[in-house]
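Colleague: Just a sequence and a predicted model for now, questions to come.
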Amino acid sequence: MSDLPEVKPPVVTPVRVVIGLCLLAPFVAMLWVGSYTKTDPAFIGIPFFYWYQLLWVPLSTVLTVIAYQLWRRDQRARTSAKGGADA
Amino acid sequence: MKDGVNGVALGVFIFFFLAVTVMGFLAARWRRAADEHTLDEWGLGGRSFGTWVTWFLLGGDLYTAYTFVAVPAAVYAAGAAGFFAVPYTILVYPLIFTFLPRLWSVSHRHGYVTTSDFVRGRFGSKGLSLAVAVTGILATMPYIALQLVGIQAVLDVMGVGGGASSNAFVKDLPLLIAFGVLAAYTYSSGLRAPALIAFVKDTLIYIVIAVAIIYIPIKLGGFDEIFKAASAKYTAAGAGGLVPAEAGQWTYATLALGSALALFMYPHSVTATLSGRSREVIRRNTTILPLYSLMLGLLALLGFMAIAAGVKVTNGQLAIPQLFEDMFPDWFAGVAFAAIGIGALVPAAIMSIAAANLFTRNIYKDFINPDATPRQETRVSKLVSLLVKVGALVFVLTMDKTVAINFQLLGGIWILQTFPSLVGGLFTRWFHRWALLGGWAVGMLYGTIAAYGVASPTQKHFGGSAKEIPGIGEIGYIGLTAFVLNAAVAVVLTFALRAFKAPDGVDETSPGDYTADAGDAGVETELPPATAEASH
C-alpha cells in the first residue's frame, strides 16, 4: 500500500491539453449563464436562450467524440512505445 | 376539461402495459446464465450488456417518468429557470467520460456490485462504506415514490384513479395493480426486465416527442405564437420569464453543475453502468447518450406549449398529460400516456434493484451475515427490492405528494455528499477515510438544515433547493454549497489526521485495477483521461 498509487504524473503533451480543453469547454459555455440570457436572435420563433443551449448538446457530443478518439490514439502510441507495458 | 374516462386512450394504455408485463416476465430467459442465483446475474444482468442495451438501460434509468412530467411542469410554472435540466445533462457526459471507466474497471477486477463496495475496498473502512450505502438508499426511496406519482398523474388525466372518487380503494386500485405487476417481474427477472422493457419505453417516448414537437406547434400557430403567449403569462403572473433574471443566473448555473455531479452518484446509475460488458461500452455511451439530452430539451419546450394551448391546471404535474389529452387524437394520447407510464416502471425497477444491492452488500453482508452465500445474497436482495417498493407505495398513498417531492429534493443534496469518497477515491488515495466521513457528515447536516430553512409561497420548509451561498451572497444550489463545504472539511481533516498519524485503512486495490478492460490481464490497458476535471 502506498499513499500515492497514481503518482506517475501524466506527462503533459499538446494532445492531452486538447483532450482536456474538449472536456472543459462545455462547462465554461454552460456555466457562464450571462453569455446567453437573451431572447434575440430567435430561431424559427425560439428565443436565443433555448436554441443556444440545445445547440450545445450536439456541440458537446462532438467534443467528447474528439476527446475519445485522441485519447485512444494517445494510448495506442504509448502502449506500442512501451511495448505493452502498463500505461 | 376532464370529462370522465377516456376509453380509447385507456384501451391503448392497457394494451402497452400488458405487452411490457409479458416482456418483463419473459426477460428472465433472455441471455440466461448457468447460475442465475447470484447477485451478478439478478442485480447486474450478468454484467453482459453491450453498447446499445446499456444505452437504453441508462436512458430508461436517468430520464424517468417523473422527469418527463416535472421538467415541462417547471417550465410551465416558471419559464427559463426550469430549463436548467438541459445544461445539467450536457455537463453529465464529459464528467462520466472521465471517471466512470475507472469505476467500471476496478469493480470488475474486485467484483464490486455497488459504489459502497468500492469505497470499502479502497479505504478499508466499513463505516465510510455504510455512510455511502445509507445515503444511497435514502436518496433512492423518494425517487421511486416519485415514479409512482408520475403514473398517478397519467391515470388521473385519463379519468381513472383520479382524486374525484370518494372510495380510497377504488381510487388507488389502478396504481396498486401497476405496482404489483412491477414488483412481480422485478422479483423474478432482476435487471433483465427493465433492460428489455427500456426498449419499448424509449421507442414510445421518441415517437411521442417527435410527433409532439412538430404537430403541436403547427396546431398552435408556430413557435412565435407559443413564446408570445408564454411571455404574456409570465408578465401577467409577475413570476418567471423567458430568460432567467440577473439574480437567477447563479442559481441556474449551480443547479446545473450540482445536479450533473450528483447524477452518477445515484445507485441506479451505477447499477446500469456496471452492467456494461466493457470499458468501451461506457465511453461509447457518453457519445450517444446526449441524444436523450436533446429529447429532454424538446420536452421542456412542451411546458411553453401547454401555456399557449390554454392548459389550466392547479397541479403543475398534470400540465403535460393534459396537453397531450387536449391536443392529440385519443388513440395517440393513449400512446403518450403509455410512454410515461412505462417510463415510470423502468427506473422504478432499476432503482429498487440498486437500493436492494446496497442493502445486501453493505449492510446485510458487512454487518449482519458476513458469511452469506451468493444464493443468500440474491434472496435478500430480491426481498429488499420488494420492501423498498412497498415502502415507496405506502409513502405515495399515505402522504401528501409534496412530501415525496421534498424528500427527492433532499435526496439530490444528500447523494452529492458521497462524491468526495467515490470520485476522490477513484483518482487518489490521498484522502483519509475518517476525513471523508467527517466531510460527508458536515455536508449532510448543512444541506438538510439549509433545505429545511427554505420557504416558498406554499410551504414553510423545503420550499426549494436554492439558498444564499454563505460568503458569496448569491443564491445558489444548496447541494453544491454543501458539497464544497464537504470537500473542504475532508481536505483539512486529512492534513490533520496525517499529521497525527491516524491509522489508515488497507487499500485492496492497485493502480492497474483502475485501467483494466474486459478480457485482459495487463494487455491492452487504457487510462481514462485524468485531465481537466480539476475544474469543479
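Modeller: Cool, the structure landed. Numbering: from 1, shown residues only, chains lettered A, B, ... in the order given.
Colleague: where does B:Ile405 land in three-state SS?
Modeller: For B:Ile405, the assignment made with DSSP: H, G, I helix; E, B strand; the rest coil gives helix.
Colleague: give me the low-pLDDT residue ranges for chain A?
Modeller: Chain A contains residues with pLDDT under 70 at A:1-11, A:81-87.
Colleague: List the buried residues in the longest helix seen in it.
Modeller: Across chain A, the longest stretch assigned as helix under DSSP state H is helix A:48-82. Neighbour-count burial for helix A:48-82, counted by 16 or more other Cβ atoms under 10 Å in any protein chain shown, picks out A:48-54, A:56-57, A:59-61, A:63-64, A:66-68, A:70-71, A:74-75, A:79. (Glycine included, C-beta is placed from N, CA and C.)
Colleague: Is there a neighbour count for the residue in chain A positioned nearest to chain B? I'd like the number.
Modeller: Using Cβ to the nearest Cβ, A:Gly45 is the residue of chain A that sits closest to chain B, at 3.0 Å. The tally of other residues near A:Gly45 (other Cβ atoms under 10 Å in any protein chain shown) stands at 15.
Colleague: pretty sure it contacts B:Phe223?
Modeller: Yes - under the criterion of Cβ atoms under 8 Å, A:Gly45 makes contact with B:Phe223 at 3.0 Å.
Colleague: Stretch B:436-456: how far from the chain's middle?
Modeller: 20 Å (Cα atoms, centre = their mean, to the nearest Å).
Colleague: Would you mark the buried spots in it?
Modeller: Neighbour counts over stretch B:436-456 (16+ other Cβ under 10 Å) mark B:436-440, B:442-444, B:446-448, B:450-451, B:454 as buried.
Colleague: Next: stretch B:215-234.
Modeller: B:216-217, B:220, B:223, B:226-231, B:233-234.
Colleague: Pick out whichever of these sits closest to chain A.
Modeller: B:Phe223 (3.0 Å).
Colleague: Assign the closest one to helix, strand or coil.
Modeller: Under three-state DSSP, B:Phe223 comes out as helix.
Colleague: for it, what are its contacts?
Modeller: B:Phe223 is in contact with A:44-46, B:217, counting by Cβ atoms under 8 Å, 6 or more residues apart in numbering or on different chains.
Colleague: just B:Lys467 next, same as before
Modeller: Counting by Cβ under 8 Å, 6+ apart, B:Lys467 touches B:450-451, B:453-454, B:475-476, B:478, B:481.
Colleague: the helices in the stretch 101-250 of chain B, which residues?
Modeller: Along the stretch 101-250 of chain B, the stretches classed as helices by DSSP state H, counting those that start in this stretch are B:115-123, B:126-158, B:168-189, B:192-220, B:222-237, B:249-263.
Colleague: restrict the buried residues of helix A:48-82 to contacts with chain B.
Modeller: Residues of the buried residues of helix A:48-82 in contact with chain B (Cβ under 8 Å from any Cβ of the partner chain): A:49-50, A:53-54, A:56-57, A:60-61, A:63-64, A:67-68, A:71, A:75, A:79.
Colleague: ok, which pair from the contacts of B:Lys467 is furthest apart?
Modeller: B:Gly453 and B:Gly476 (14.4 Å; Cβ to Cβ).
Colleague: low-confidence ranges in the stretch 401-536 of chain B?
Modeller: The model of the stretch 401-536 of chain B has pLDDT under 70 over residues B:518-536.
Colleague: swap in the stretch 51-200 of chain B?
Modeller: Ranges of the stretch 51-200 of chain B meeting pLDDT under 70: B:161-171.
Colleague: Enumerate the residues of it near chain A.
Modeller: B:80, B:83, B:86-87, B:90-91, B:93-94, B:97-98.
Colleague: and the two most separated of the residues you listed?
Modeller: Spatially, the most separated pair among these is B:Ala80 and B:Thr98, at 29.0 Å (Cβ to Cβ).
Colleague: Quick check: B:Ala482 vs B:Leu410, distance?
Modeller: 11 Å (Cβ to Cβ, to the nearest Å).
Colleague: Who has more neighbours out of those two?
Modeller: With neighbours defined as other Cβ under 10 Å, B:Ala482 and B:Leu410 compare such that B:Ala482 has more, 26 against 22.
Colleague: got the contact list for the residue nearest to that one when sequence neighbours are not counted?
Modeller: Nearest non-adjacent residue to B:Ala482, counting by Cβ to Cβ, 6 or more residues apart in numbering or on different chains: B:Gly447, 3.7 Å away. Contact analysis of B:Gly447 by Cβ under 8 Å, 6+ apart lists B:410, B:413-414, B:416-417, B:478-479, B:481-482.
Colleague: Inside helices: which ones of the residues you listed?
Modeller: Assigned to helices by DSSP H, the following of these qualify: B:410, B:413-414, B:416, B:478-479, B:481-482.
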